[in-house]
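Engineer: missing the sequence, but the structure's below:
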């Protein structure tokens, strides 16, 4: 385990009797750890997947609440096909409250729940900007984020 000392991970031992959490650095990682430690523990697999490409992704914009692009919809259909092939009993999906995640989950044709706590981190004054626009309008913030992406916080954001 010394070789993994610098890695971020959570090890769940004996179906939740003991947890080993290592090197959790940012908000998203801590949220994942919180949920894994507080779900009703029964033997099961947990699958994690990002949403399909959004229309804001196409223009290189961060954050926002846009829907899926055409390619994002194709991804959601391919994901649905893959999930059906796995023949997973009693599958339930968790999504954020963002349109793109809900649209991805709806393609799965399984029950899903929306969790506000899974929403993307708010980019504050930089919400829906491109990185080029951030660099132009907020050069210091752009440099600070570039130096430490995982601990950086956008002005008026999370």
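Structural biologist: That came through fine. None of the values given here were measured: they were computed from a predicted structure. Numbering: from 1, shown residues only.

Engineer: By residue count, what's the longest helix in the protein?
Structural biologist: helix 70-86 (DSSP state H).

Engineer: Whichever strand or helix holds residue 100 versus helix 70-86: what angle between them?
Structural biologist: Per DSSP states H and E: residue 100 is located in helix 99-106. Here the directions of helix 99-106 and helix 70-86 differ by 30 degrees (axes from the mean of the first three to the mean of the last three CA atoms, to 10 degrees).

Engineer: which other helices and strands contact the next helix or strand after helix 99-106?
Structural biologist: Where DSSP H and E defines the elements, the next helix or strand beyond helix 99-106 is strand 112-114. Counting contacts by 3 or more CB pairs under 8 Å, 6 or more residues apart in numbering; DSSP states H and E, strand 112-114 packs against strand 93-95, helix 99-106. For the C-beta atoms, the positions are set from N, CA and C on the backbone; glycine is no exception.

Engineer: Quick one: these as TSV, columns for mean neighbour count too.
Structural biologist: Shown next, in TSV, are the helices and strands packed on strand 112-114 (neighbours: other CB atoms under 10 Å):
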stretch	mean neighbour count
strand 93-95	18
helix 99-106	21
